[in-house]
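Student: can you look at this prediction? I've put the sequence above it.
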Amino acid sequence: SAVISQKPSRDICQRGTSLTIQCQVDSQVTMMFWYRQQPGQSLTLIATANQGSEATYESGFVIDKFPISRPNLTFSTLTVSNMSPEDSSIYLCSVAEDPYQPQHFGDGTRLSIL
Amino acid sequence: AQSVTQLGSHVSVSEGALVLLRCNYSSSVPPYLFWYVQYPNQGLQLLLKYTSAATLVKGINGFEAEFKKSETSFHLTKPSAHMSDAAEYFCAVSDRNGGSNYKLTFGKGTLLTVNP
(Lines give C-alpha, C1' and ligand atoms only; values in the text may rest on other atoms or scores of the structure.)
Protein backbone atom coordinates (compact mmCIF):
# COMPACT_ATOMS: atom_id res chain seq x y z
CA SER A 1 0.00 0.00 0.00
CA ALA A 2 0.99 3.63 -0.42
CA VAL A 3 3.29 5.32 2.08
CA ILE A 4 1.69 8.48 3.43
CA SER A 5 3.66 11.24 5.15
CA GLN A 6 2.03 14.02 7.12
CA LYS A 7 3.73 17.20 8.30
CA PRO A 8 3.88 18.45 10.94
CA SER A 9 3.37 15.45 13.21
CA ARG A 10 2.28 17.75 16.04
CA ASP A 11 2.06 21.43 16.81
CA ILE A 12 0.95 23.83 19.51
CA CYS A 13 -0.62 27.00 18.17
CA GLN A 14 -2.07 30.23 19.46
CA ARG A 15 -5.76 30.93 19.03
CA GLY A 16 -6.60 33.05 16.03
CA THR A 17 -3.73 31.72 13.94
CA SER A 18 -3.81 29.26 11.03
CA LEU A 19 -1.86 26.09 10.35
CA THR A 20 -1.36 24.22 7.10
CA ILE A 21 -0.95 20.45 7.24
CA GLN A 22 0.71 18.63 4.38
CA CYS A 23 0.00 15.11 3.11
CA GLN A 24 2.47 13.53 0.70
CA VAL A 25 1.97 10.11 -0.90
CA ASP A 26 4.74 8.08 -2.52
CA SER A 27 2.54 7.09 -5.48
CA GLN A 28 -0.28 8.61 -7.48
CA VAL A 29 -3.67 8.00 -5.89
CA THR A 30 -7.11 8.82 -7.14
CA MET A 31 -8.76 9.68 -3.87
CA MET A 32 -7.54 11.66 -0.86
CA PHE A 33 -9.48 12.48 2.26
CA TRP A 34 -9.09 14.56 5.40
CA TYR A 35 -10.48 13.46 8.76
CA ARG A 36 -10.67 14.97 12.23
CA GLN A 37 -10.38 12.91 15.39
CA GLN A 38 -11.31 14.90 18.48
CA PRO A 39 -9.87 13.79 21.82
CA GLY A 40 -11.22 10.38 22.79
CA GLN A 41 -13.52 10.33 19.78
CA SER A 42 -13.87 8.52 16.49
CA LEU A 43 -12.98 9.86 13.07
CA THR A 44 -15.15 12.35 11.22
CA LEU A 45 -14.69 13.06 7.53
CA ILE A 46 -13.98 16.73 6.84
CA ALA A 47 -13.75 16.60 3.07
CA THR A 48 -12.70 14.72 -0.01
CA ALA A 49 -9.77 16.42 -1.76
CA ASN A 50 -10.36 16.42 -5.50
CA GLN A 51 -7.43 16.88 -7.86
CA GLY A 52 -7.92 19.92 -10.02
CA SER A 53 -11.19 21.02 -8.48
CA GLU A 54 -12.67 22.21 -5.20
CA ALA A 55 -12.85 19.83 -2.30
CA THR A 56 -16.17 18.24 -1.37
CA TYR A 57 -17.02 19.13 2.22
CA GLU A 58 -19.14 17.16 4.67
CA SER A 59 -21.97 18.70 6.60
CA GLY A 60 -20.65 20.92 9.37
CA PHE A 61 -17.36 21.75 7.64
CA VAL A 62 -16.84 24.79 5.44
CA ILE A 63 -14.17 25.89 3.04
CA ASP A 64 -13.46 29.16 4.85
CA LYS A 65 -12.49 27.27 7.99
CA PHE A 66 -10.80 24.28 6.36
CA PRO A 67 -9.44 25.26 2.94
CA ILE A 68 -7.98 22.30 1.07
CA SER A 69 -5.68 22.15 -1.91
CA ARG A 70 -4.82 19.22 -4.12
CA PRO A 71 -2.47 20.35 -6.88
CA ASN A 72 -1.58 16.84 -8.09
CA LEU A 73 -2.19 13.13 -7.50
CA THR A 74 0.42 12.79 -4.73
CA PHE A 75 -0.04 15.86 -2.53
CA SER A 76 -2.70 17.71 -0.57
CA THR A 77 -2.87 20.34 2.15
CA LEU A 78 -5.45 21.13 4.79
CA THR A 79 -5.43 24.52 6.50
CA VAL A 80 -7.11 25.01 9.84
CA SER A 81 -7.98 28.71 9.91
CA ASN A 82 -8.57 31.12 12.76
CA MET A 83 -8.01 28.39 15.30
CA SER A 84 -9.76 28.11 18.64
CA PRO A 85 -9.27 25.56 21.45
CA GLU A 86 -12.17 23.55 19.98
CA ASP A 87 -9.97 22.80 16.98
CA SER A 88 -7.57 20.81 19.15
CA SER A 89 -7.69 17.41 17.47
CA ILE A 90 -5.79 14.88 15.43
CA TYR A 91 -6.08 15.58 11.71
CA LEU A 92 -5.56 12.58 9.44
CA CYS A 93 -5.03 12.24 5.74
CA SER A 94 -6.11 9.06 3.97
CA VAL A 95 -5.88 7.77 0.41
CA ALA A 96 -7.56 5.14 -1.73
CA GLU A 97 -6.85 3.78 -5.18
CA ASP A 98 -10.52 3.72 -6.04
CA PRO A 99 -13.90 3.63 -4.26
CA TYR A 100 -13.76 -0.15 -3.92
CA GLN A 101 -10.43 -0.29 -2.08
CA PRO A 102 -9.72 0.37 1.60
CA GLN A 103 -8.47 3.75 2.70
CA HIS A 104 -4.94 3.94 4.07
CA PHE A 105 -4.03 6.55 6.65
CA GLY A 106 -1.09 8.73 7.52
CA ASP A 107 0.12 9.01 11.12
CA GLY A 108 -1.85 12.19 11.68
CA THR A 109 -1.10 15.70 12.93
CA ARG A 110 -1.72 16.29 16.62
CA LEU A 111 -2.81 19.88 17.04
CA SER A 112 -3.25 21.74 20.32
CA ILE A 113 -4.59 25.28 20.49
CA LEU A 114 -3.79 27.46 23.49
CA ALA B 1 -27.34 7.20 6.32
CA GLN B 2 -25.11 4.33 7.29
CA SER B 3 -24.14 3.82 10.89
CA VAL B 4 -21.80 1.58 12.84
CA THR B 5 -22.21 0.53 16.44
CA GLN B 6 -19.34 -0.87 18.43
CA LEU B 7 -20.55 -2.46 21.63
CA GLY B 8 -18.20 -1.75 24.48
CA SER B 9 -15.98 1.30 24.47
CA HIS B 10 -13.43 -0.61 26.54
CA VAL B 11 -12.61 -4.32 26.54
CA SER B 12 -10.07 -5.83 28.89
CA VAL B 13 -8.65 -9.34 28.46
CA SER B 14 -5.81 -11.37 29.90
CA GLU B 15 -2.83 -12.28 27.79
CA GLY B 16 -3.61 -15.52 25.95
CA ALA B 17 -7.37 -15.09 26.21
CA LEU B 18 -9.84 -14.76 23.36
CA VAL B 19 -10.38 -11.28 21.98
CA LEU B 20 -13.90 -10.42 20.78
CA LEU B 21 -14.72 -6.92 19.62
CA ARG B 22 -18.27 -6.35 18.44
CA CYS B 23 -19.45 -4.33 15.46
CA ASN B 24 -22.95 -3.96 14.05
CA TYR B 25 -23.83 -1.94 10.99
CA SER B 26 -26.95 -0.56 9.44
CA SER B 27 -27.17 -0.64 5.69
CA SER B 28 -29.87 -1.33 3.16
CA VAL B 29 -27.42 -3.28 1.01
CA PRO B 30 -24.43 -5.40 1.97
CA PRO B 31 -21.68 -2.86 2.49
CA TYR B 32 -17.92 -2.94 2.49
CA LEU B 33 -16.70 -3.41 6.05
CA PHE B 34 -13.32 -2.75 7.59
CA TRP B 35 -11.50 -3.06 10.87
CA TYR B 36 -8.70 -0.62 11.65
CA VAL B 37 -6.32 -0.48 14.61
CA GLN B 38 -4.80 2.68 16.07
CA TYR B 39 -1.75 2.42 18.29
CA PRO B 40 -0.85 5.39 20.52
CA ASN B 41 0.43 8.40 18.58
CA GLN B 42 -0.10 6.67 15.25
CA GLY B 43 -2.61 6.76 12.43
CA LEU B 44 -5.00 3.96 11.53
CA GLN B 45 -3.74 0.66 10.19
CA LEU B 46 -5.99 -1.63 8.18
CA LEU B 47 -6.50 -4.99 9.90
CA LEU B 48 -8.91 -6.60 7.45
CA LYS B 49 -11.69 -5.90 4.99
CA TYR B 50 -14.90 -7.54 3.83
CA THR B 51 -15.76 -6.83 0.22
CA SER B 52 -17.01 -10.12 -1.21
CA ALA B 53 -18.97 -13.28 -0.62
CA ALA B 54 -16.35 -14.83 1.67
CA THR B 55 -17.93 -14.33 5.07
CA LEU B 56 -14.88 -15.22 7.16
CA VAL B 57 -12.10 -12.73 6.59
CA LYS B 58 -8.56 -13.20 7.83
CA GLY B 59 -6.42 -10.19 8.53
CA ILE B 60 -3.02 -9.29 9.87
CA ASN B 61 -1.64 -10.12 13.32
CA GLY B 62 -3.88 -13.19 13.71
CA PHE B 63 -7.16 -11.30 13.64
CA GLU B 64 -10.23 -12.42 11.74
CA ALA B 65 -13.82 -11.28 11.37
CA GLU B 66 -17.02 -12.94 10.30
CA PHE B 67 -19.65 -11.17 8.24
CA LYS B 68 -23.16 -12.21 9.29
CA LYS B 69 -25.79 -10.62 7.11
CA SER B 70 -28.71 -11.92 9.17
CA GLU B 71 -27.28 -10.25 12.26
CA THR B 72 -25.80 -7.22 10.43
CA SER B 73 -22.61 -7.91 12.35
CA PHE B 74 -18.89 -7.99 11.64
CA HIS B 75 -17.26 -8.96 14.92
CA LEU B 76 -13.47 -9.07 15.24
CA THR B 77 -11.78 -11.98 16.99
CA LYS B 78 -8.36 -13.26 17.86
CA PRO B 79 -7.88 -16.63 19.61
CA SER B 80 -5.05 -15.53 21.90
CA ALA B 81 -4.32 -11.96 22.93
CA HIS B 82 -0.79 -10.58 23.03
CA MET B 83 0.35 -7.57 25.01
CA SER B 84 1.14 -5.88 21.69
CA ASP B 85 -2.57 -6.02 20.73
CA ALA B 86 -3.37 -3.25 23.21
CA ALA B 87 -4.73 -0.42 21.06
CA GLU B 88 -7.92 1.27 19.87
CA TYR B 89 -9.94 -0.66 17.29
CA PHE B 90 -12.35 0.94 14.84
CA CYS B 91 -15.00 -0.71 12.70
CA ALA B 92 -15.94 1.16 9.52
CA VAL B 93 -18.53 0.77 6.79
CA SER B 94 -18.60 2.02 3.23
CA ASP B 95 -21.35 2.09 0.66
CA ARG B 96 -20.85 -0.89 -1.65
CA ASN B 97 -21.82 1.19 -4.64
CA GLY B 98 -18.65 3.25 -4.32
CA GLY B 99 -18.76 6.04 -6.81
CA SER B 100 -17.89 9.64 -6.25
CA ASN B 101 -19.36 9.65 -2.76
CA TYR B 102 -16.95 7.09 -1.31
CA LYS B 103 -17.18 7.67 2.40
CA LEU B 104 -16.15 5.66 5.44
CA THR B 105 -18.39 5.83 8.48
CA PHE B 106 -16.55 4.85 11.63
CA GLY B 107 -17.76 3.39 14.88
CA LYS B 108 -16.79 5.11 18.11
CA GLY B 109 -13.96 2.70 18.72
CA THR B 110 -13.12 0.05 21.32
CA LEU B 111 -10.07 0.38 23.49
CA LEU B 112 -8.50 -3.02 24.08
CA THR B 113 -6.29 -3.51 27.10
CA VAL B 114 -4.36 -6.73 27.64
CA ASN B 115 -3.41 -7.69 31.16
CA PRO B 116 -0.34 -9.80 31.89
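Tutor: That came through fine.

Student: going by C-alpha atoms from here, please, whenever you check contacts or count neighbours.
Tutor: Noted.

Student: the chain: strands as residue ranges?
Tutor: You didn't pick a chain, so chain A it is. For chain A, the strands defined by DSSP state E occupy A:4-7, A:10-13, A:19-25, A:31-37, A:43-49, A:56-57, A:68-72, A:75-80, A:89-96, A:104-105, A:109-113.

Student: actually, chain B is the one I wanted.
Tutor: B:3-5, B:10-14, B:19-21, B:24-26, B:32-38, B:44-50, B:56-58, B:64-68, B:73-78, B:87-94, B:104-106, B:110-115.

Student: of the ones you listed, which is nearest residue A:96?
Tutor: Residue A:96 lies closest, by C-alpha to C-alpha, to one member of those: strand B:104-106, at 11.2 Å.

Student: hmm, that closest one in reach of chain A?
Tutor: Yes. On the criterion C-alpha under 8 Å from any C-alpha of the partner chain, strand B:104-106 is in touch with chain A at B:104-106.

Student: flag every buried residue along that strand.
Tutor: For strand B:104-106, burial by neighbour count (16 or more other C-alpha atoms under 10 Å in any protein chain shown) applies to B:104-106.

Student: now, which of these sits nearest chain A?
Tutor: Minimum distance to chain A across the buried residues of strand B:104-106 is 6.3 Å, recorded for residue B:106 (C-alpha to the nearest C-alpha).

Student: tell me the confidence at that closest one?
Tutor: Predicted confidence (pLDDT) for residue B:106: 93.

Student: that one bridge partners, please.
Tutor: For residue B:106, the beta-bridge partners are residue B:92 (DSSP bridges).

Student: please report how far it lies from residue A:92.
Tutor: Per C-alpha to C-alpha, to the nearest Å, residue B:106 is found 14 Å from residue A:92.

Student: where in chain B is pLDDT low?
Tutor: Low-confidence segments of chain B (pLDDT under 70): B:1, B:28-30, B:53, B:96-101.

Student: what does it put close to chain A?
Tutor: Checking chain B against chain A by C-alpha under 8 Å from any C-alpha, the hits are B:34, B:41-46, B:49, B:90, B:96, B:98-100, B:102-109.

Student: so for the most centrally placed residue in chain A, what's the nearest residue that isn't a sequence neighbour?
Tutor: Of all residues in chain A, the one closest to the mean position by C-alpha atoms, centre = their mean is residue A:34, 3.4 Å from it. Excluding the flanking residues, the one nearest residue A:34 by C-alpha to C-alpha, 6 or more residues apart in numbering or on different chains is residue A:93, at 4.7 Å.

Student: okay, now the one you found: neighbour count?
Tutor: Residue A:93 has 31 neighbours, counted by other C-alpha atoms under 10 Å in any protein chain shown.
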